[in-house]
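In: Kindly generate the corresponding structure for this input.
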Amino acid sequence: MEKNNNIEQDENRLIEARKANLESLRSLGINPYPSKFHKTHTSLEARGMLEDLELNHPDDNLKTELVIVAGRVMAYRGQGKIIFVDLKDGYGSIQIAFRSDLLTEKLFEILKFIDIGDFIGVEGVVFRTRRGEPTIEAKKIDVLCKSLRPLPDKWSGLQDIEKRYRQRYLDFISNDSSKEVALVKPKIIASIRKFLEEKNFVEVETPILVPVAAGAMAKPFITKHNALDRVLYLRIATELNLKKLIVGGVDKVFELGRIFRNEGIDHLHNPEFTTLESYESYSDYNDVMKMVEDMVAAVSENVNGSQIVNIGDEVIDLTPPWERLNLRDTIKKYSGIDYLTCRSPQELEKEMQSRGIHVEQGSNWGRMLDKVISYSVEPNLRQPCFLIDYPVEMSPLAKKKEGEDNIVERFEAFVCGGELANAFTELNDPIDQRKRFEDQEKLRKESGDDELDRLEEDFLIAIEHGMPPTGGLGLGIDRLAMIISGAKSIRDVLIFPQLKTLQDNNDD
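Out: Prediction:
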C-alpha cells in the first residue's frame, strides 16, 4: 500500500510540473491545443525521401527538400545549443534535431517546456547524422497537444498485464508489437470480405436486438425496450435471419458482426466477439469445408505473406487440404468412448467418470459429449483439421446424413487445439426443424439449461415457405486473428477486451 501511495505521489508531482510547463507555453503566447495542423509527410515517408536521395546521389551531407511531420515526443536528449527528440507517429519514428542557430530564440525556448508524451509538429529537411541516423533538422516547431500525464517508462513499458488491457492506448504507445497484433483483425476482416465478394457473396446486416435469442447454444444478455415495453435480447448468432434471406432468394449471403453471449471469460472467450456467418444455396458441408480451408489459407497469405504461422513453439501449416476426421472414430481414439453404445445420459456419465472427466449436474447427453470432445479430443488437434459428422442431439439446425438417423452433416474446424469454425448442411425440412426446436425447448425447461437453443416461430414460418439446400458457416474472427498473429489469448487481439471493474479488482 505504501509503495502505491509513493507511486501516486510521484505521478502527482509530475502532473503538476507538466501543468506548470503548460502555463509557461501560454505565457509565451503559444496555444498548446490548436485545432488543426497541416503535415506533408509521415515519419516513414520522410525517411524514404532521404533513402531515395542517397540512392540516386551517393554523396555526403545530402539533405532533402522541406518536410512537415507531426507526432508524439517519445525521447528527449541533450541540452544547451542542440537538442534531439524522438518523434513517433502512426507509421514509425524519426529523430529531430533542434539547433539554437537554426531556430528563433522564442522557438528554441519552447523546447524547455516540452515533455515526453507531448504532440508537436516540425518543419525541416532530412539528413543523416554521423552515427547514420535519419534526422530532421528542424527550422520550425509547433506545439499540438500538451500531455499532462506521464507515459509508461520507455524501457520497462507496461508490466501490469491487467493495466495493459484496461488502458489499451498506453499499451499501444509503449509496445509496438502489441499494437501490431491487435490491428491484425481489421486486415483479416478486409481479406475475408474480398474473398467472399469475389465469390459473389452479398454482405448484409441483421438486427442485434432480437425478440428470441436463437441460432446457437448460449445464454443471452437481456435488455428491455421501454417504448415497446418488451424484453429483448442481444443476439447470440446471426444464423436464423441470414437463412431467412436464403428463403427470400439471396443465394449467397454473409455477415461480419458482433455476437453477445453471457458466458465466462478466459483465454479463448470474451462475452462479445466477432463472427463471420455465411450461407450458400445449393451447397452442403463438404463445399463449406473447402471454402473454409481456402479462405483461411488466403487470409494468412494476404496478412502474413505465408500459409505457415508460428503459435508459440508450434509451426502450423494452413495449406489446404486439411485433414477430415470422423467424430465418432476420433472420440474413440482419444477417450475410448463409443457414444453409439452409450445413448443415455446415465451410460455416458458412467464412461466419463471412469476416465476422470467431470460431469456437471443437470447436463444433458449432448452437452456431456461436448465435454468429452473438449477434454479428450481437442487438445490433440494441433494442425488444422475438420471433425465431421456429429450426433443429432448436438446439432438442432443441421441436416441428417443420408441413410443415418442419429448423425448430421456437421463439421467443426480446429487449429492448435482450439475451435475455429462450426458449420453444417442446413436443415430445410420444416417439420423436422419444428420437432427439434420443440425437443430443445422441452429439454431446456426440464434441465434448466439456459444455453439450449430456442424456438423462433418466425424462422419456422420462413422455411415453411421453402428453403433450398444450403451450406452454412460460423467462423470466429477473433480466434482466426489469434492464429494468424500467433497470439495466445483472445485479449491480445481484442482492442478493448471485457475486464473486471476496478472495484472488483480492489475487492480481490
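
In: how far away is K163 from H269?
Out: Between K163 and H269 the distance is 21 Å, computed by CB to CB, to the nearest Å. Quick note: C-beta positions are derived from backbone N, CA and C, even for glycine.

In: what does G403 give?
Out: The gap separating G403 from H269 is 37 Å, by CB to CB.

In: what about these two, which has more around it?
Out: Regarding G403 and H269, a neighbour count based on other CB atoms under 10 Å identifies H269 as having more, with 15 against 6.

In: Ramachandran angles for the more buried one?
Out: Dihedral pair for H269: phi -130, psi 140, per degrees, to the nearest 10.

In: check which helix or strand covers the residue of the chain most remote from its centre.
Out: When distances are taken from the C-alpha mean of the chain, D101 lies farthest, 49.5 Å away, according to CA atoms, centre = their mean. Element membership for D101, per DSSP states H and E: none, as it lies in no helix or strand.

In: and what of I120?
Out: Take DSSP H and E as the rule and I120 turns out to sit in strand 119-128.

In: What mean pLDDT does that strand get?
Out: The average of the pLDDT scores along strand 119-128 is 97.

In: pLDDT weak spots in this structure?
Out: Counting by pLDDT under 70, the chain contains low-confidence ranges at 1-7, 153-162, 447-453, 501-508.

In: domains for it, by residue range?
Out: What the record gives for the chain is the domain set 2-151, 189-312+383-507, 323-382, from automatic domain parsing.

In: Might one say that L22 is in contact with C145?
Out: No. The criterion here is CB atoms under 8 Å, and L22 misses it with C145 at 10.6 Å.

In: The strand holding I120 pairs with which strands, parallel or anti?
Out: Neighbouring strands of strand 119-128 in its sheet, by DSSP bridges, are strand 67-77 (antiparallel), strand 134-145 (antiparallel).

In: Among the ones you listed, which comes closest to D60?
Out: Set against D60 and scored by CB to CB, the strands paired with strand 119-128 come closest in strand 134-145, at 14.6 Å.

In: Can you give the contact residues for stretch 375-382?
Out: Surrounding stretch 375-382, the residues in contact under the criterion CB atoms under 8 Å, 6 or more residues apart in numbering are 314, 316, 325, 330-331, 334-335, 337, 355, 357, 387, 414-419.

In: er, stretch 214-227 I mean
Out: When contacts are defined by CB under 8 Å, 6+ apart, stretch 214-227 is touched by residues 209, 213, 230-240, 260-263, 271, 397, 450-456, 459, 474.

In: Could you do stretch 293-312 as well?
Out: With contacts defined as CB under 8 Å, 6+ apart, stretch 293-312 is touched by 184, 187-188, 191-192, 194-196, 315-322, 384, 416, 420, 480, 482-484, 486, 488.

In: Just the ones of those in helices?
Out: When DSSP state H is applied, the contacts of stretch 293-312 are split such that V184, K187, I188, S191, I192, K194, F195, L196, L480, M482, I483, I484 fall in helices.

In: Show the buried residues in those.
Out: V184, K187, I188, S191, I192, F195, L196, L480, M482, I483, I484 (16 or more other CB atoms under 10 Å).

In: Would you check which pair of the residues you listed lies furthest apart?
Out: L196 and M482 (20.9 Å).

In: Single out the most deeply packed of the domains of the chain.
Out: domain 189-312+383-507 (a mean of 18; mean count of other CB atoms under 10 Å).

In: Determine how far that one lies from the middle of the whole chain.
Out: Distance of domain 189-312+383-507 from the chain centroid (CA atoms, centre = their mean, to the nearest Å) equals 16 Å.

In: Also stretch 95-109?
Out: If you compare the mean C-alpha spot of stretch 95-109 with that of the full chain, they lie 43 Å apart, counting by CA atoms, centre = their mean.

In: what's that stretch in contact with?
Out: 28, 80-87, 111, 122, 124, 129, 133-141.

In: For that stretch, C-alpha coordinates in CSV please.
Out: Once side chains and other backbone atoms are set aside, the C-alpha atoms of stretch 95-109 remain, and they are given as CSV (Å, rounded to 0.1, in the frame of the first residue of the first chain):
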residue,chain,number,x,y,z
GLN,A,95,14.8,11.7,-34.8
ILE,A,96,14.5,15.5,-34.7
ALA,A,97,17.5,17.8,-34.2
PHE,A,98,16.8,21.3,-32.7
ARG,A,99,19.7,23.7,-33.0
SER,A,100,19.8,27.1,-31.4
ASP,A,101,21.4,28.7,-34.5
LEU,A,102,18.6,27.5,-36.8
LEU,A,103,15.6,28.5,-34.6
THR,A,104,14.5,31.8,-33.3
GLU,A,105,15.1,32.5,-29.7
LYS,A,106,11.4,32.0,-28.9
LEU,A,107,11.1,28.7,-30.8
PHE,A,108,14.1,27.3,-29.1
GLU,A,109,12.8,28.5,-25.7
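
In: which outside residues touch the strand holding I120?
Out: Counting contacts by CB under 8 Å, 6+ apart, the residues outside strand 119-128 that touch it are 37, 39, 46-47, 49-50, 54, 61-73, 85, 87, 94, 96, 114, 134-145, 147.

In: Figure out how far that strand is from the centre of its chain.
Out: The chain centroid and the centroid of strand 119-128 are separated by 35 Å under CA atoms, centre = their mean.

In: Check stretch 361-378 too.
Out: Taking CA atoms, centre = their mean, one finds the center of stretch 361-378 at 27 Å from the center of the full chain.

In: distance between the ends of it?
Out: 23 Å (CA to CA, to the nearest Å).

In: same deal with stretch 35-50?
Out: 30 Å.

In: Identify the residues contacting that stretch?
Out: Surrounding stretch 35-50, the residues in contact under the criterion CB under 8 Å, 6+ apart are 62, 64-71, 87-94, 121, 126-128, 134, 136, 142, 144.

In: Which of the contacts of stretch 214-227 fall in helices?
Out: Filtering those for membership in helices, criterion DSSP H, returns E239, L240, F459.

In: can you confirm N428 is in a helix?
Out: No. Applying DSSP: H, G, I helix; E, B strand; the rest coil, one finds N428 to be coil, outside a helix.

In: so what's it up against?
Out: Counting by CB under 8 Å, 6+ apart, N428 touches K399, I463, G466, M467, P468, P469, T470.

In: just those residues now: which is nearest D432?
Out: Nearest to D432 among the contacts of N428: K399, at 8.5 Å, using CB to CB.

In: Surely L318 and C385 touch.
Out: No. Proximity of L318 to C385 does not meet the contact threshold set by CB under 8 Å, at 11.2 Å.

In: I173: which of the domains of the chain is closest?
Out: Using CB to CB as the criterion, the shortest distance between I173 and the domains of the chain is 6.0 Å, found for domain 2-151.

In: Pairing partners for the residue nearest to P468 when sequence neighbours are not counted in the sheet, please.
Out: Leaving aside its chain neighbours, P468 sits nearest to S281 (4.6 Å; criterion: CB to CB, 6 or more residues apart in numbering). Beta bridges link S281 to T470 when assigned by DSSP bridges.

In: T275 and H267, how far apart?
Out: Applying CB to CB, the value for T275 to H267 is 18 Å.

In: With G71 instead?
Out: In this structure, G71 and H267 are 34 Å apart, going by CB to CB.
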